[in-house]
Structure formats: C-alpha cells, structure tokens
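**Q** need a structure here:
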Amino acid sequence: MNTQVGTERFGALDDGTPVDRWTLESGGLRVRVLTYGGIVQTIETPDRDGKSGQVALGFAGLESYVAHGGSYFGALVGRYANRIAGAAFALDGRSYALTPNDGPHSLHGGPRSFSRVVWDARPVADGVELRRVSPDGEEGFPGALDVRVSYTLAPGGALRIAYRARTDAPTVVNLTNHTYLNLGGDDSGSATGHRLRLAASRYTPVDSTGIPVRAEPADVTGTRFDFRKPRAVDRPFDHNFALDGGVAGTPRTVAELYDPRSGRALELATTEPGIQLYTADHLDGTLTGTSGTPYGPAAGLALETQHFPDSPNRPDFPRTALVPGETYRSESVYRFSVRPD
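**A** Now for the predicted structure:
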C-alpha cells in the first residue's frame, strides 16, 4: 500500500520563520512530523479492538514545543545525542569546548540543538526528507555538517527513520530520535506496565550526572538492567544499553515493547550499538499533551537508538568520529502491531 503524504502550515516562530507539519499515512498507521526540530508530533495506530490511538507524547501547538524544548518530545537530536562529559573532547590532537547545557556537560548537542531549529523539507517516496547544514563551530562542534533525515512508512505498520551526514572537517556525530511512547495512548497514564525486551547483555553504569563510570559496559546478569527476557518496566531509568552485536550494517531487531492493556506492540530494529531507556521521570503533570491530559512521571518511555554517551572521550567505546569523504549512516525502524491477548 502506497503512503499518502501531505503537508500543511503548523505555525511560525517569533521571527516569522514558518513551520510545516507533514502527515504520512499507510494502512492503519499515521505519523505527523514537524519541520521544527524534526519532531515526531504524533503516531496513531490501532489497538487490539481496531481503535486508533495517539501513542507518542507531544504538544498540540508550536508554542509549547518552543517553550518546553528541554523535554525533547519527538525530537531529532544532534549533533551528539546523550552527554559529552565536561562539554569538551579532543579529536586528532585538537581540543574542542562545547556549550554546556546539562550542568557542566553537553546534552543532545547543546542549547541550540537540532531539535530547536527549522529544517528544510521535501517529499520523497513514502515520506519526507529533512535537511540542514549545521555550520562549523555551532555549539562548539567542528566542521560544517550536512545532515539529511528521512521519515518514511513501510508496509506492515512501520516507521523508518534514516540518517545521513557528511562533514568538511573531522568531527563527531551521534543522531537519534527522542520520541516517548505510551502504547496505551498518550492519555492513559503511566507506561511502567509495559513489558520490554532488549537484546542487551551489558549496560553502561553512570554517575549521578549521567556520565559513564567504567571503561567497559557491565554485565546485566542479576541486576534490574536485565531485559533479555520480557518484563515490566519499572522506574527510574536513564541508561544506555550496549546492544548485542554492536554496530550493524542493516537494522536488526533489538527491542520489543508490549502494552497488555491495549494489545499494541512495538518491534524496534536499528543499526546502532546502543539504546537509551529513559522513563521520563522529569515529568510532573505540568505539561499537557495533544490529548489534553497532563503528563506525569513515566507517561512515556524513550528508546533512543544511539552510540554510547561520552564516546568522544572513551576510546574503548564504538567510534563516533566522522571525517571528510565518509558518510555517517544510521537507520531505525519502528514496527507497530497488535497482539490478541
């Protein structure tokens, strides 16, 4: 079944810059993407009774995304997803100071991250492609980085997000999408009852500021980090899991999420070596979503496919450097389905 692709004006920033919303629809899956921040605003998919529901945390209006960007609802995150310790790193013998925005650290690319700018958009087969050139020195990162991210729908209820980037000088890159999912619907309360399986035998222990404390990931055996067999998600979590097999050439299934109440299920495949599980514990009921329901702790779960936190300062972690002549590529596929019971 071909994907229906449409676009409409969503609003404008204070300086008059227009923001558009793209709607992708195929079968029972409908996804809305904003040119502001590359944000996945909504994901609508049926439950076991055939009733469509909105399963991604998001806001109804542009002004809320601008005012509350620190929650990263649905955001395209970069240049570097997760944290870089001390907002600094060295590459090829040169040191680079970044803009700190998480205590002393750089988080998700800094205060003017990819999630807070307007992207150029064009239609592609079965979806939309966003493009932006991040200038040399933006938030302290070296090199002009030409980034293209496509959002497309595939048969069988799947959202595919594919990332590409090229640079004119050595730099570091780690891109992800920060959608929070509640398969019961964004108005259904806590997602901690969801059952999660991760193909991850190791995780990266972190200190109180989210920075890894070991040179090597730790074994999950006998810990609350063991999701190798499906079990209910508890909280809090804001941790990176080292996926079995490391970096992959094509997406392989690494996570399965299931909501027993609605019957909705998600199968997540990626080329990335890690996945960050975040239970949205900063939410306290002060932010209201697209459904008009306030979001409390664990109103949604983020499963951020990524390289490991602080990799530019960790030579033993998978490489995040990108040099001229190379192309950064990453792909993640979110396949939605239902189970009868």
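**Q** got the phi/psi numbers for the most centrally placed residue in the chain?
**A** Nearest to the mean C-alpha position of the chain, by CA atoms, centre = their mean, lies N177 at 2.1 Å. Backbone torsions of N177, given as degrees, to the nearest 10, read phi -120, psi 140.
**Q** Could you measure from the residue of the chain positioned farthest from its centre over to P170?
**A** Going by CA atoms, centre = their mean, the residue of the chain most distant from its centre is G93, 30.8 Å out. G93 sits 10 Å away from P170, taking CB to CB, to the nearest Å as the criterion. All C-beta spots, glycine's among them, are computed from the backbone N, C-alpha and C.
**Q** mind checking the SS state of A60?
**A** Recorded secondary structure, A60: coil (DSSP: H, G, I helix; E, B strand; the rest coil).
**Q** Can you report how many residues neighbour the closest residue to it other than its chain neighbours?
**A** In space, and not counting its chain neighbours, A60 is closest to T290: 5.0 Å by CB to CB, 6 or more residues apart in numbering. By other CB atoms under 10 Å, 19 other residues sit near T290.
**Q** quick one: contacts for T288?
**A** 59, 294-295 (CB atoms under 8 Å, 6 or more residues apart in numbering).
**Q** Among those, which one lies nearest to I275?
**A** Y295 (22.0 Å; CB to CB).
**Q** Write down the beta-bridge partners of that closest one, one by one.
**A** Legend: beta-bridge partners of Y295 under DSSP bridges are L287.
**Q** The chain should start at 18 in everything you say after this.
**A** I'll keep to 18 as the first residue from here, and by that count the last item is Y312.
**Q** So A316 sits against N199, correct?
**A** Yes: the criterion here is CB atoms under 8 Å, and A316 meets it with N199 at 6.1 Å.
**Q** can I assume Y220 is in contact with F244?
**A** No: contact criterion CB under 8 Å: Y220 and F244 do not qualify, at 9.4 Å.
**Q** So between those two, which is more surrounded?
**A** Comparing Y220 with F244 by other CB under 10 Å, the one with more neighbours is Y220, at 25 against 21.
**Q** How about the contacts made by the nearest residue to D119 once chain neighbours are set aside?
**A** Spatial nearest neighbour of D119, excluding adjacent residues (CB to CB, 6+ apart): R100 at 6.3 Å. Neighbour list for R100: 119, 122-124, 226-228, 326-327 [criterion: CB under 8 Å, 6+ apart].
**Q** hmm, back to that, anything in contact with each of A316 and N199?
**A** With CB under 8 Å, 6+ apart, A316 and N199 have common neighbours 74, 208.
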